[in-house]
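> Provide a 3D model corresponding to the input given below.
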Amino acid sequence: MSAPALSRRRALLVATCAAACGLAAAQPAAAPAATPGAPEPKVERLVHGDGLSRIEELRVGGRTRSIEVQTRSALPGYEVRPIDPAQDDRRSGAGQRQWRVLAF
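The predicted structure is shown next:
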């Protein structure tokens, strides 16, 4: 092929690519499909109390996440770590009291 024929083919190829890119850019972006995602888990804050203490429990999606005990005496409050089925109970310390030492 001669040089003028190659340059015409290159020019045609460049023009075709530019036109295709221009058409793709001119089209509006497709709207994301409205898929129903997982619903937000239900958050519950339960408060139990008697004359000597107040217990606040946080549940997310039906699972207990934290339990805080506030005493109405001079003793400081503490937290009880709920049992997590994904962890080995012997090592997790679940169900044990945890005292807050340096609360800011």
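
> shaky segments in the chain?
In the predicted model of the chain, residues 1-6, 13, 17-35, 85-104 satisfy pLDDT under 70.

> in it, which spans are helices?
Using DSSP state H, the helices of the chain run over residues 3-26, 89-92.

> and the closest residue to residue 67 other than its chain neighbours, what are its bridge partners?
In space, residue 67 comes closest to residue 80 once its chain neighbours are excluded; the distance is 4.3 Å by Cβ to Cβ, 6 or more residues apart in numbering. Quick note: C-beta positions are derived from backbone N, CA and C, even for glycine. When bridges are taken as DSSP bridges, the partners of residue 80 come out as residue 67, residue 97.

> and stretch 44-63, what's buried?
Burial within stretch 44-63, assessed by neighbour count using 16 or more other Cβ atoms under 10 Å, is assigned to 56, 57, 59.

> okay if I get the residues you listed as JSON lines plus distance to residue 70?
Output for the buried residues of stretch 44-63, formatted as JSON lines (distance: Cβ to Cβ, whole Å):
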{"residue": "56", "distance to residue 70": "7"}
{"residue": "57", "distance to residue 70": "12"}
{"residue": "59", "distance to residue 70": "18"}
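
> ok, the residues you listed vs residue 69, which is closest?
residue 56 (8.0 Å; Cβ to Cβ).

> for residue 75, see how far away that closest one is.
Taking Cβ to Cβ, to the nearest Å as the measure, residue 56 and residue 75 are separated by 16 Å.

> so how far is residue 83 from residue 7?
Relative to residue 83, and taking Cβ to Cβ, residue 7 is found at 77 Å.

> repeat that for residue 58.
With Cβ to Cβ as the criterion, residue 58 and residue 83 are 15 Å apart.

> measure stretch 43-60 end to end?
Its start and end residues considered, stretch 43-60 measures 5 Å (Cα to Cα, to the nearest Å).

> so which residues make contact with it?
With Cβ atoms under 8 Å, 6 or more residues apart in numbering as the contact definition, stretch 43-60 has outside contacts at 41, 42, 64, 65, 66, 67, 68, 69, 70, 71, 72, 73.

> count the residues that sit near the fifth one.
Residues near residue 66, counting by other Cβ atoms under 10 Å, number 13.
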